[in-house]
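1. After the sequence you'll find the predicted model.
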Amino acid sequence: MNLARIDLNLLRVFDAVFEDRNLLLAGKRLNLSQSAISHALGRLRDVLEDDLFVRTAKGMEPTARAVAMAMPLRNALQQIQNALGDEPFLPNVASRDFVVAANDYITMLLLGRLSQRLSAEAPMVNLVIRPSTRLDLAGQIDIGRIDIAVGIFAEVPARFQSMLVWKQTEVLVMHREHPIGERDVTREDLVNYPLVSVSLGGQEEGAVGGFIVERGLARQSEMFDRQALEDAFAGSPASPRLRVSVAHSLAIPALLRHSDMLAIVPSPLGREFERYGELRARPIPYAAPMSSVRAVWHARNEQDPALQWLRAQIVDVAKQVRG
């Protein structure tokens, strides 16, 4: 193949169509008409002698050749951009979307505050929040559809970068009129009152030891340390009953409202529930481990001025969240 026949703009079109799977959306991204996008794809197909994309009811599905090309080309385009130098990011006039993946309680505690910061300092910037519970989270970061993922990760592959957002432990929450609401919780209480836990993905989704591994990224699947709970009651004649497992932590107040169940939640979330007045938060009556909430992004975006600014805002607003 003669590289002289390849126009760099054709590769930018390919990258946009691969990410959006839609000619109209790719055109909006590049400020080109749909016909211009279609024409550019036609030229690239002729050069590479491959269809690259097949139109389906779900959008433009890439061929095997396109899938194999996508990541190397994206990395090459980023290297070219780095070599030429990025334009400085000016938040007060910038217009772009930041795509962040997070679960519901991190969205409430962190991204709600981040949204307020963006409204004040970057009024034309949009915040798009995707669920961090999706099974292809690492894949979405790889292809550039997610800028940053925030959560608890046991392993972060070398192609990603990460930073600490905050540290947290676990607490128990209960409704304010609970029979043990005025005192510390004991181990006996954990046997007498059934528990609510938050599970973001179970064994049927490939979870092992509380984490789901996909493309080398091990993300948390259970929002409590099951092993620590089991160890605390090892050898005891009775053990706690996990009566309800729920996928959304913000459903916990409704579950506890007319029940004497106890819920195990991350300490920042427990304090937030308590602050709203409906629930009480109490320490766990066994050794609850500390865990680290981290932000993860692709290494190719390490020097992106816009994402550097976004990461700095995340670190700053996270100071308002107590671990």
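-> Yep, it's here. Numbering: from 1, shown residues only.
2. For the rest of this, base every contact and every neighbour count on C-alpha atoms.
-> Noted.
3. need the helices for this protein, in chain order.
-> For the chain, the helices defined by DSSP state H cover 8-20, 23-30, 34-48, 64-84, 104-106, 112-121, 137-142, 187-192, 226-232, 252-256, 267-275, 305-318.
4. Spatially, which residue comes closest to Arg113, not counting chain neighbours?
-> Closest residue in space to Arg113, ignoring its immediate chain neighbours: Val317 at 6.4 Å, by Cα to Cα, 6 or more residues apart in numbering.
5. any idea of the pLDDT on the one you found?
-> The model reports Val317 with a pLDDT of 95.
6. if I look at it, how far off is Trp166?
-> 11 Å (Cα to Cα, to the nearest Å).
7. sorry, back to before: TSV please, covering the helices of the chain and showing distance to Leu127 and mean neighbour count.
-> As requested, the helices of the chain are arranged in TSV below (distance: least, Cα to Cα, whole Å; neighbours: other Cα atoms under 10 Å):
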stretch	distance to Leu127	mean neighbour count
helix 8-20	17	19
helix 23-30	16	17
helix 34-48	26	16
helix 64-84	22	14
helix 104-106	14	19
helix 112-121	7	16
helix 137-142	16	20
helix 187-192	40	15
helix 226-232	33	13
helix 252-256	26	18
helix 267-275	22	20
helix 305-318	10	16
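8. Report the central residue of the chain.
-> Nearest to the geometric centre of the chain sits Ala101, at 2.8 Å (Cα atoms, centre = their mean).
9. Ala149 is in contact with that one, correct?
-> Yes. Counting by Cα atoms under 8 Å, Ala101 does reach Ala149; the two are 4.4 Å apart.
10. show me the contacts for Leu23.
-> Leu23 makes contact with 17, 34, 37-38, 60 under the criterion Cα atoms under 8 Å, 6 or more residues apart in numbering.
11. With Val17 instead?
-> 23, 25-26, 60.
12. ok, 6 Å please
-> Ala26 (Cα atoms under 6 Å, 6 or more residues apart in numbering).
13. Also Thr186?
-> Pro285.
14. Tell me the confidence at it?
-> For Thr186, the model assigns a pLDDT of 96.
15. cool, and Asp7?
-> 79.
16. For it, what are phi and psi?
-> phi -90, psi 130 (degrees, to the nearest 10).
17. Near it, how many other residues are there?
-> Close neighbours of Asp7, defined as other Cα atoms under 10 Å, add up to 12.
18. And the strands in the stretch 201-323 of the chain?
-> 211-214, 217-220, 242-246, 262-266, 279-283, 291-298 (DSSP state E, counting those that start in this stretch).
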